[in-house]
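J.: Show me how the following folds:
(chains A and B, ligands or ions: 1)
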Amino acid sequence: MDVILSVWRQVGPDAEGEFVRYEANDIPDHASFLEMLDIVNENLNTNNEEPIAFDHDCREGICGMCGMMINGQAHGPQLGTATCQLHMRKFKDGDTIRIEPWRAEGFPVVRDLTVDRSAFDRIIEAGGYITVSTGSAPDANLIPVPKLAAEAAMDAAACIGCGACVAACPNSAAQLFTSAKVSHLNLLPQGQAERFSRVADMVDEMEKWFGACSNHGECETACPKSISIDFIALMNRDYIRSKFQQGRLAGQR
Amino acid sequence: MTTLDSKVPAGSIEDKWNNHKFSIRLVNPANKRKYSIIVIGSGLAGASAAATLGELGYNVKVITYHDSPRRAHSIAAQGGINAAKNYHNDGDSVYRLFYDTVKGGDYRSREANVYRLAEVSNHIIDQATAQGVPFAREYGGLLDNRSFGGAQVSRTFYARGQTGQQLLLGAYQALAKEIAKGSVEMINRSELLEVVTHEGQAAGVVVRDLITGEVTAHSAHAVVLATGGYSNVFFLSTNAMACNTTAIWRAHRKGAHFANPCYTQIHPTCIPQSDESQSKLTLMSESLRNDGRIWVPKTVGDNRPAGDILESERDYYLERIYPAFGNLVPRDVASRNAKTQVDSGHGVGPLNNGVYLDFKHAIARLGEDTIRERYGNLFEMYERITDDNPYETPMRIYPAPHYTMGGAWVDYNLMTSIPGLYAIGEANFSDHGANRLGASALMQGLADGYFVLPYTIGDYLADFLNVDPVPTDHDVFRQAITQVQDRTAKFLATKGTRSADWFHRELGKIMLAECGMERSREGLEKAIREIPHLREEFETDVKVLGTNESFNQSLERVGRVADFFELAELMCRDALDREESCGGHFRVEHQTEEGEARRNDEDFTHVSAWAWNGPNQPQTKHKEQLVFENVKLATRSYK
Ligand SMILES: Cc1cc2nc3c(=O)[nH]c(=O)nc-3n(C[C@H](O)[C@H](O)[C@H](O)COP(=O)(O)OP(=O)(O)OC[C@H]3O[C@@H](n4cnc5c(N)ncnc54)[C@H](O)[C@@H]3O)c2cc1C
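T.: As a prediction, this is how the structure comes out:
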């Protein structure tokens, strides 16, 4: 198939960017979206134009490296699908496709479609872990975890940290990411000891980088793992409790 | 040819590790902060090692080319992780896991290492669970298990089809805790391009910042390579696009022996290639073989839809040939049999390049919901890629390069042949012999990182109390920086006509044809002639646009491809040298009448560790003789 691309090109973080038009011809329809870009890049290289920079790695929808706005939608038109798992058969011959990087102040552009998402790492470093030094763990079956709790934790833990939620949000809020990370640990018995300090610290860090949540809900639609905004409600509940309760008396800090 | 000292401790297999831990030197807790350690890579092996070393109080620096430690390729592991917990009372034990792994590796691994791996496996599950890894549970809240190939017990722990992701997040979170504490410094989007030695010992590394192009030196008392496997030498593989051999190859060029490079694993259950533009192959987890049945039409060239082919017209060839293990034979056996079926004209799909993996019977027996609960995400992934619904029609699968058992040679302490340079995880060669069993790479990466290296490294460091690392303005670092800069400049100045990817793809075709699932003397000799030609063409005709001083993904790739070229040649030489078939290394000249691998224990019960002799010079082979004191060498039989 043949498609026309309008791609955001920006040589560096401080450079001006612009949309550039490319023709992508003879694309096999079972090619993935990124394979289509590979073909375009190969042609650009042949024509002495620098290839389009975009992040990608596993191409199985799990590493969270890839991600771009495709016709205004984070990761493109297919629900629950990361860019690398989107295939050209979802487009029609002759379509024009507009491709841009994630746009959010917390994710500055590195080059073209590549952005810097290290703010997510800062949120995890603020408290997204259970403190347990290597070697100090008890036998794994000493703490039974109700199947439903394990499943719910896993639903949250499925987050791949791609940043689509932030990109899709009109406020560039990172509530879906942060709540998924908080809930994964706060839903488990092992996560209880640090439950309230965790949520307080992670939310405070998040607010340094990202906008506020207005329950728009676009994040859930954009999420390639279809993570539910129910987790935002859970996080907000724990956050409020963390502010009310006397931390010391609750065995926290 | 010299003999290598594996430093395996004395004593009975059960006592070796304990005795060793007791006899090696410790570093006093108050002194640990005086030692600096560089860890390259933040996959399961690197992240777990760095977090643990940080907890112990060492000064740790982690370097990765990813934008976040959480992106390392370990994230993609699907099926699960083994441990000898025997929670299911089905007769598992440390000894059985040890035995299965040695046998699965076709008696080409080091017994003492494998036993230690089995021994610490249980701690990994405890550690990961305490970190909050949401392993699958039974209704009573206890941990669930599944079976994997090469085992007759259920010992595989899993988190849906995302076990690697969850284990890596656990290790990454532990690492994040240490980063926040300040014991670990994290340097992302930076690639190791040179290993630096001083007076024969590891002194540090030279790294290029992938965003700015700046080349910097980093020195430490010890360097740990946790840089993963090299399956991408085949171009198409199940590995992530960026996986490469550069770190261990650069170490090899500085004196680290490269062990068993030809031991590569071709995974039986991947989605078949659809055309030339394909950039990678996608794995469908081995766990699917628990419930899926593999078959091909009995009639050659039968292109009817699967549903129209009657039971009596199907050949469930694994169940037929290997009644005891059936669809759960080890990977090398399953792969080669799939190739035999396709090569003999029984292949299915538009290109006749696959075999069926069918869930019809499992769905009838267990219901669609159970199958969805077990494999839902894999089925969805399959459908997104192929546009076929595997609940209704069988999956099409075919083997693809997946894992490399070979790697940097290491002794029992996980130290390479360069003192102070360690290799852990898939980057080393140590535990899997000639074939890795499913769910044991995650186990090995975490065993090395959490429970082995943090002990053994102290023994080396103990010599350096109050000795500063080699300063980064020392000549050895300056020279290494210049070399890296020159190499980069050369790539940019070549201004040829074809991209690095193009050459990579061509190299992959040679490797898959001649050094893939089946190898022959003739084919390997041909590859050894062809690869240097293609490499010369690459060196004079590759085209890399842009500059060093920018985020330049073509420049990242070209260096990796250059190293793959040298590695590819060594792999073929090793495969040619090893006049036997074992595990993933199948030489057509060495097979039984039934087409099974025939080992040559008399001449090849050893590790081949190759030493670098300079560019365009064949490497020299060193031998580490493998001694089997516990497991009796036998012909593997899964019948
Ligand atoms: C699709 C797939 C599924 C799998 N499923 C399973 C499974 O179910 N069970 C199982 O046991 N195993 C499985 N495996 C194998 C297993 O995932 C890997 O062997 C294991 O995760 C490797 O971990 P590692 O830490 O050694 O390396 P990796 O996770 O590959 O990490 C390598 C790290 O090194 C860094 N790095 C590499 N080179 C450089 C350099 N030059 N400079 C800077 N940084 C560098 C990378 O950035 C990365 O952080 C699977 C593998 C694949 C491909």
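J.: And the residue of the stretch 51-200 of chain A found nearest chain B, which helix or strand is it part of?
T.: Nearest to chain B in the stretch 51-200 of chain A, going by CB to the nearest CB, is A:Pro144, at a distance of 2.9 Å. For every residue, glycine as well, the C-beta is placed using N, CA and C. Following DSSP states H and E, there is no helix or strand that holds A:Pro144.
J.: Any idea how many residues pack against it?
T.: Using other CB atoms under 10 Å in any protein chain shown, A:Pro144 has 15 neighbouring residues.
J.: do the same with A:Gly64
T.: Residues near A:Gly64, counting by other CB under 10 Å: 26.
J.: cool, and B:Asp90?
T.: 13.
J.: before we move on, the earlier item: what's the distance between the residue of the stretch 51-200 of chain A closest to chain B and B:Ala159?
T.: 17 Å (CB to CB, to the nearest Å).
J.: And stretch A:111-127, how far out from the chain middle?
T.: 10 Å (CA atoms, centre = their mean, to the nearest Å).
J.: Equivalent analysis for stretch B:321-333, please.
T.: 22 Å.
J.: Extract the C-alpha set from it and format it as CSV.
T.: The C-alpha coordinates for stretch B:321-333 follow below in CSV (Å, rounded to 0.1, in the frame of the first residue of the first chain):
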residue,chain,number,x,y,z
ILE,B,321,8.4,-39.7,18.2
TYR,B,322,8.8,-38.8,21.9
PRO,B,323,5.9,-40.4,23.8
ALA,B,324,7.4,-39.7,27.3
PHE,B,325,7.9,-35.9,26.9
GLY,B,326,5.6,-35.4,23.9
ASN,B,327,5.1,-31.7,23.2
LEU,B,328,7.4,-30.8,26.2
VAL,B,329,10.7,-32.0,24.7
PRO,B,330,13.5,-29.5,25.2
ARG,B,331,13.8,-26.7,22.8
ASP,B,332,16.6,-28.0,20.6
VAL,B,333,14.7,-31.2,19.9
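J.: what sits against B:Val60?
T.: B:Val60 is in contact with B:36-39, B:50, B:53-54, B:178, B:183-185, counting by CB atoms under 8 Å, 6 or more residues apart in numbering or on different chains.
J.: Would stretch B:214-228 count as contacting chain A?
T.: No: remark: stretch B:214-228 sits outside contact range of chain A, by CB under 8 Å from any CB of the partner chain, the gap being at least 11.6 Å.
J.: and that stretch, average pLDDT?
T.: What stretch B:214-228 shows for mean pLDDT is 98.
J.: So which bits of that stretch are buried?
T.: Under the neighbour-count criterion of 16 or more other CB atoms under 10 Å in any protein chain shown, stretch B:214-228 has B:215, B:217-228 buried.
J.: Return the closest of these with respect to chain A.
T.: With CB to the nearest CB as the yardstick, the closest approach to chain A among the buried residues of stretch B:214-228 comes from B:Gly228, at 11.6 Å.
J.: Tell me if the closest one really is in a strand.
T.: No: secondary structure assignment (DSSP: H, G, I helix; E, B strand; the rest coil) places B:Gly228 in coil, not in a strand.
J.: one step back: dump the residue contacts of the nearest residue to the residue of the stretch 51-200 of chain A closest to chain B once chain neighbours are set aside.
T.: Counting by CB to CB, 6 or more residues apart in numbering or on different chains, B:Gly141 is the residue found nearest to A:Pro144 once chain neighbours are left out, at 2.9 Å. Shown in contact with B:Gly141 (CB under 8 Å, 6+ apart): A:144-147, A:150.
J.: let's see 10 Å
T.: B:Gly141 makes contacts with A:141, A:143-150, A:189, as judged by CB atoms under 10 Å, 6 or more residues apart in numbering or on different chains.
J.: Lowest pLDDT pick from the residues you listed?
T.: Within the contacts of B:Gly141, lowest confidence goes to A:Ile143 (92).
J.: any idea how far it lies from A:Leu188?
T.: 9 Å.
J.: One more: B:Leu53?
T.: 26 Å.
J.: same thing with B:Arg304?
T.: B:Arg304 is 50 Å from A:Leu188, by CB to CB.
J.: out of the two, which sits in the busier spot?
T.: A:Leu188 (26 against 11).
J.: Torsion angles phi and psi at the more buried one?
T.: phi -100, psi 150 (degrees, to the nearest 10).
J.: now do the one 5 residues further on
T.: Here is the backbone geometry of A:Ala193 (degrees, to the nearest 10): phi -60, psi -40.
J.: Likewise for the one 5 residues further on?
T.: The phi and psi values for A:Arg198, taken as degrees, to the nearest 10, are phi -60, psi -50.
J.: hey, what's in contact with both of A:Ile143 and A:Leu188?
T.: Shared contacts of A:Ile143 and A:Leu188, counting by CB under 10 Å, 6+ apart, come down to B:Thr129.
J.: hang on, the earlier thing: and chain A, which of the contacts of B:Val60 reach it?
T.: When contact is defined as CB under 10 Å from any CB of the partner chain, the contacts of B:Val60 meet chain A at B:53-54, B:178.
J.: Export only the CA atoms of stretch B:608-622, formatted as PDB.
T.: The C-alpha coordinates for stretch B:608-622 follow below in PDB (Å, rounded to 0.1, in the frame of the first residue of the first chain):
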ATOM      1  CA  SER B 608      36.100 -24.100  24.100                       C
ATOM      2  CA  ALA B 609      37.300 -20.700  25.200                       C
ATOM      3  CA  TRP B 610      38.800 -18.600  22.400                       C
ATOM      4  CA  ALA B 611      41.500 -16.000  22.900                       C
ATOM      5  CA  TRP B 612      41.800 -13.000  20.700                       C
ATOM      6  CA  ASN B 613      45.000 -12.700  18.700                       C
ATOM      7  CA  GLY B 614      44.300  -9.400  16.900                       C
ATOM      8  CA  PRO B 615      42.200  -8.300  14.000                       C
ATOM      9  CA  ASN B 616      42.000 -10.700  11.000                       C
ATOM     10  CA  GLN B 617      43.800 -13.500  13.000                       C
ATOM     11  CA  PRO B 618      41.900 -16.600  13.900                       C
ATOM     12  CA  GLN B 619      41.500 -16.900  17.700                       C
ATOM     13  CA  THR B 620      43.400 -19.600  19.700                       C
ATOM     14  CA  LYS B 621      41.300 -22.200  21.500                       C
ATOM     15  CA  HIS B 622      41.800 -23.000  25.200                       C
END
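J.: Kind regards, and thank you for your time.
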